[in-house]
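> Kindly generate the corresponding structure for this input.
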Amino acid sequence: MNKASNRAKRLAGMFGAVDPNELAKQAEAEKSDKSSSRPMTTAPTKALQASFASIEKENLRLKAELEKSKTIELDPVTVRASIIQDRLDWTDEDPEFQSLVISIREEGQRLPILVRPHPTESGQYQLAYGARRNRACMVLGQKVKAYVQELSDEELVIAQGLENNERKNLSFIEQAVYAVALLEAGFTRKLVAKSVGVASDTTISKMSAIVALVPADIFRLIGPAPKIGRNRWEAFASLAERGAKKPSILEAVRALPESAVWKGADSNKRFELAYRTAEKADKFRTTKPRAEKSRLENEGRSFGTMEQTSNGVKIFLDAKKEPAFAQFVADKMTVLIEEFKKSEGKKTSK
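Next up, the predicted model:
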C-alpha cells in the first residue's frame with residue numbers, strides 16, 4: 001500500500017464522520033446567513049480558515065473512500081463520555097435536543113458518531129463527538145451508527161474540535177469552557193488552539209480569563225447563549241470581577257431563576273437579563289441604615305443618648321447636666337466587664 005493511500009485512509013479515519021454533502025449544504029446556508037445577519041461568535045483568523053479549507057478540500061478528495069467506509073451499529077449504552085465535555089450542561093427537555101430526537105425518529109440518523117474502543121473498559125467505547133446523537137438514539141431505543149477508530153487522546157480532542165468547528169456547534173462560551181478544561185487536563189496550548197478553532201495563544205488567554213472571572217454556576221444558569229460573542233462575555237466578566245468586592249452583583253444574578261421572565265427565556269435572552277441585572281446592581285449604591293438613636297431619660301432628667309448600629313453601640317453621657325451619673329458609669333465599667341465575663345463562663349459550663 002503506497003503512502004498516498006495510507007494518508008487517505010488516515011484522514012478518512014480521523015474525519016470520516018464529516019459528510020461532504022452535508023458540508024456543501026452548510027456552506028450554502030452560511031452564505032445566505034452572512035448576507036442577512038452578522039455572526040456574533042468569534043470568527044477564525046484567515047490562517048485558520050485556510051487550514052480548515054485545506055481539511056475540507058482533502059475530505060472532498062477522499063469522497064470515494066468515505067463512501068466505501070462502513071459504519072457499525074452500537075448499543076448507545078456502551079458509549080461512554082468523551083475525555084473532556086465540550087458543551088455546557090443540557091437535558092432531554094432542551095428544545096434543540098427534542099428537535100434532534102424528532103429528526104432521527106422521522107428521517108434516521110444521517111451523521112454517524114465517532115468513538116474509540118474504551119482504553120480501560122472492555123467492550124465499551126469512548127466518545128469523540130456525537131453525544132447528543134448517541135443520547136437521542138438511546139431515548140428512541142435504537143442502535144447508534146458509529147465510526148470506530150483507534151485514536152490517541154490528542155487525536156480524539158482534535159477530531160472533537162474539528163467536528164464542532166466545521167459544524168459551528170459550540171457557542172463562544174462553550175468553546176472557552178472547553179479550552180480551559182483541555183488546558184487543565186494537561187494538553188498543550190497549541191493543541192488546545194487547534195481543537196477549539198483559534199489561531200493564537202492570545203485568544204486562548206482571553207477565553208481563560210473570562211472563565212476564571214465568571215463563576216461556573218452562573219455559566220450553567222445562563223446556558224450556551226450562541227448569539228453572544230467574546231466582547232459581550234468580556235464585559236460581563238468585568239462585572240463578575242467587581243462582584244468579588246460587591247457581592248450584591250452576583251447575588252442579583254443568582255436570584256434571576258426565580259423570576260417568570262427568566263423561566264420563559266432562551267439562553268441568549270438569559271444572558272441579556274443577567275448582564276442588565278449585574279449592571280444595575282453594580283451601579284446601585286447601597287445606603288447605610290440609619291442608626292437608632294434614643295435618649296437616656298428618667299423622671300424628667302436627661303442623662304445622655306445611646307446610638308446603636310450594626311457595627312456597635314455609642315453611648316454619650318452628658319457630664320454637664322449629670323456629672324455624678326457620668327462618673328458613676330465610668331467607675332462601674334471595669335466591674336461590668338468582669339460581670340459579663342463571669343456570665344459567659346456560666347453559659348459555657350452548662
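> in the sheet, who's paired with Arg301?
Arg301 has these beta-bridge partners by DSSP bridges: Asn298.
> hang on, it packs against Ala324?
No: counting by Cβ atoms under 8 Å, Ala324 is not a contact partner of Arg301; they are 11.1 Å apart. C-beta coordinates here come from the backbone N, C-alpha and C atoms, glycine included.
> Which parts of the biggest helix by length in the chain count as buried, going by neighbours?
Taking DSSP state H as the criterion, the chain has its longest helix at helix 323-349. Within helix 323-349, the residues that count as buried by 16 or more other Cβ atoms under 10 Å are 325-326.
> Please identify the helix or strand for Leu114.
Secondary structure assignment for Leu114, by DSSP states H and E: strand 113-117.
> CA-only coordinates of that strand, as PDB, when you get a sec.
These are the backbone C-alpha positions of strand 113-117, laid out as PDB (Å, rounded to 0.1, in the frame of the first residue of the first chain):
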ATOM      1  CA  ILE A 113     -20.800   9.500  15.800                       C
ATOM      2  CA  LEU A 114     -17.100   8.900  16.200                       C
ATOM      3  CA  VAL A 115     -15.800   6.700  19.000                       C
ATOM      4  CA  ARG A 116     -12.700   4.700  20.000                       C
ATOM      5  CA  PRO A 117     -12.500   1.500  21.900                       C
END
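> ok, and for that strand, which residues are buried?
Burial within strand 113-117, assessed by neighbour count using 16+ other Cβ under 10 Å, is assigned to 113-116.
> sec struct for the most centrally placed residue in the chain, please.
Nearest to the mean C-alpha position of the chain, counting by Cα atoms, centre = their mean, stands Phe219 at 3.6 Å. Local secondary structure at Phe219 is given as helix here, using DSSP: H, G, I helix; E, B strand; the rest coil.
> Now do the strands in the stretch 51-200 of the chain.
In chain order, the stretch 51-200 of the chain shows strands spanning 72-74, 79-80, 113-117, 125-129, 144-148, with DSSP state E, counting those that start in this stretch as the criterion.
> Kindly state which of those is positioned closest to Glu339.
Closest of those to Glu339 is strand 79-80, at 67.8 Å (criterion: Cβ to Cβ).
> by contact count, what packs against the closest one?
Under the contact definition 3 or more Cβ pairs under 8 Å, 6 or more residues apart in numbering; DSSP states H and E, strand 79-80 sits against strand 125-129.
> Let me see the mean pLDDT of the strand it packs on.
Within the predicted structure, the mean pLDDT of strand 125-129 is 90.
> partners of that strand, with directions?
Strands flanking strand 125-129 in the sheet, each with its direction: strand 79-80 (parallel), strand 113-117 (antiparallel) (DSSP bridges).
> Kindly reformat the ones you listed as JSON lines containing mean pLDDT and distance to Gly197.
Below are the strands paired with strand 125-129 laid out as JSON lines (pLDDT from 0 to 100; distance: least, Cβ to Cβ, whole Å):
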{"stretch": "strand 79-80", "mean pLDDT": "92", "distance to Gly197": "24"}
{"stretch": "strand 113-117", "mean pLDDT": "90", "distance to Gly197": "17"}
